[in-house]
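Peer 1: below are the sequence and a predicted model; questions follow.
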Amino acid sequence: MEGMTALIPNNNSCIWHPSLALTEVRGGASINGKRKNKINIRCGIRLESQSQRPTALVNERRRVFLLDVYPLCYNGNQPRPSAFIDWIRMLFSRVTNKDPIIAVMDGERGNEYRRRLLPTYKANRNRFVPLTSASRWSSSKNKDVDLREALPIIEAFLWECNVPVVKIEDAEADDVVATLADQVLKRGLKTVIASPDKDFKQLISENVQLVMPMPEFGRWSFYSLKHYIAQYDSDPSADLSLRCMVGDESDCVPSLKQVAPGFGRKTAVKLLKKHGSLENLLNAAAVRTVGKPYAQDALTKYGDFLRRNLQVLSLRRDVAVNLEEGWCCARDTRQDIVALSKLEGKLKELR
């Protein structure tokens, strides 16, 4: 990456550990093509010989976990950073131990690109809920902290656990995850995306799977290509096209049914099974009849509407971030227990 001091040699048997120094990297175009990105990441590794460390810490180079941090700080639709402790403890102890993990956070202006396309994008999200001194203690249900106060503490905790944190000022975490996932695959490794966000289903393949928190069962659950096909009887490549037509209520992306009553999920699934993708369907509808009159009219009249939804819902894979070799090394887990205890204490202090 331009401007970065090369601290990480090409060594497959290393253990990744952040250096104490913070390297500020400037370079690369922003996701809207108009600004320079500012990326703050710590880089560095601690190299140990085979005689100095347990054999179990040798990097097997099989899979890399990409951790979507923000959704784990919520309980339902309400910010609750204490929830992060439970999920990360479970991830470390039951899901992955020595696998490398890269954490990703939203940039401060991450939503700007999509809000220019769709002003209502994520308008219903309540990321930060400031708690007054009175409300903090007025109810047991409200005993949590302002997420703005907690996030720097969570970020420091992740570094202490040897999890690099990537946050790009004008990019959403989803786009950074998609970009890094592609780069991981190009290195011949598999990717596991740790997130409850269904937007990532469009990335599922033989080498990309999800692991999703399941609050109702109190555990993480893997979700692979096999699970997707069993659930939807279609390929994940059609997932994005379907969501463009049925909308995404959680992100305030409107459905085609809102402007063309009668065009629902059943019609969308039927047409996509025949044509494969939204673009193929729209191109076909432009030159011939592809369905019943109401469907044909909706596709020809609202093509721009659907293409805008496609732009909004498509995960970008061109964010200016480069996967460092050290991020793919086995993770040193020896500080996990101590760091988790410190995190719990610091969050309690904020209440």
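Peer 2: Happy to help now that I have it.
Peer 1: any weak-confidence spans in this protein?
Peer 2: With pLDDT under 70 as the threshold, the chain has low-confidence stretches at 1-61, 126-145.
Peer 1: quick one: the helices in the stretch 251-351 of the chain, in order.
Peer 2: If you assign secondary structure with DSSP state H, counting those that start in this stretch, the helices in the stretch 251-351 of the chain sit at 265-275, 278-285, 293-301, 303-313, 336-349.
Peer 1: touching the fourth one from outside, list them.
Peer 2: So the one you mean is helix 303-313. 114, 117-118, 121, 199, 240-241, 243-245, 247-248, 251, 253-254, 256, 259, 278-279, 282, 285-286, 299 (CB atoms under 8 Å, 6 or more residues apart in numbering). Yep, even glycine has a C-beta here, placed from its N, CA and C like the rest.
Peer 1: could you redo the last one with a cut-off of 7 Å?
Peer 2: Contacts to helix 303-313, defined as CB atoms under 7 Å, 6 or more residues apart in numbering, come from residues 114, 117-118, 121, 240, 243-245, 248, 253, 256, 259, 278, 282.
Peer 1: any idea of the angle that helix forms with helix 278-285?
Peer 2: If you take axes from the mean of the first three to the mean of the last three CA atoms, to 10 degrees, helix 303-313 sits at 170 degrees to helix 278-285.
Peer 1: what subset of the contacts of helix 303-313 is buried?
Peer 2: For the contacts of helix 303-313, burial is judged from neighbour counts taken by 16 or more other CB atoms under 10 Å, and it is met by 114, 118, 121, 240, 243-245, 248, 253, 256, 278, 282.
Peer 1: want to throw those residues into JSON lines with distance to Y223?
Peer 2: Rendered in JSON lines, the data for the buried ones among the contacts of helix 303-313 read as follows (distance: CB to CB, whole Å):
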{"residue": "R114", "distance to Y223": "24"}
{"residue": "L118", "distance to Y223": "27"}
{"residue": "Y121", "distance to Y223": "25"}
{"residue": "L240", "distance to Y223": "16"}
{"residue": "R243", "distance to Y223": "16"}
{"residue": "C244", "distance to Y223": "21"}
{"residue": "M245", "distance to Y223": "22"}
{"residue": "D248", "distance to Y223": "18"}
{"residue": "V253", "distance to Y223": "22"}
{"residue": "L256", "distance to Y223": "26"}
{"residue": "L278", "distance to Y223": "23"}
{"residue": "L282", "distance to Y223": "29"}
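Peer 1: pick the one among those closest to R316.
Peer 2: R316 lies nearest to R114 out of these, by CB to CB, at 9.7 Å.
Peer 1: what's the closest non-adjacent residue to the closest one?
Peer 2: Y121 (4.6 Å; CB to CB, 6 or more residues apart in numbering).
Peer 1: that neighbour touches D251, doesn't it?
Peer 2: Yes - the pair Y121 and D251 passes the contact test of CB atoms under 7 Å, sitting 6.2 Å apart.
Peer 1: next helix or strand past the helix or strand harbouring L180?
Peer 2: Assigned by DSSP states H and E, L180 belongs to helix 173-186. Per DSSP H and E, helix 173-186 leads on to strand 190-194 as the next helix or strand towards the C-terminus.
Peer 1: residues making contact with that next one?
Peer 2: Strand 190-194 is contacted by residues 62-68, 91, 177, 181, 184-185, 200, 203, 207-211 when judged by CB under 7 Å, 6+ apart.
Peer 1: can you give me the angle that strand makes with helix 173-186?
Peer 2: Counting by the same axes, to 10 degrees, strand 190-194 lies at 160 degrees to helix 173-186.
Peer 1: quick one: strands adjacent to strand 190-194?
Peer 2: Within its sheet, and counting by DSSP bridges, strand 190-194 is paired with strand 63-68 (parallel), strand 208-214 (parallel).
Peer 1: returning to what we had before: next up, the contacts around the residue nearest to R114.
Peer 2: By CB under 7 Å, 6+ apart, Y121 lies in contact with 111, 114-115, 251-252, 312.
Peer 1: same question, A150
Peer 2: Counting by CB under 7 Å, 6+ apart, the residues that A150 touches are 81, 347, 350.
Peer 1: closest to E324 out of these?
Peer 2: Within the contacts of A150, distances to E324 taken as CB to CB reach their minimum at P81, with 27.4 Å.
Peer 1: what about the residue nearest to R114, is that helix, strand or coil?
Peer 2: State at Y121, reduced to three classes by DSSP: H, G, I helix; E, B strand; the rest coil: coil.
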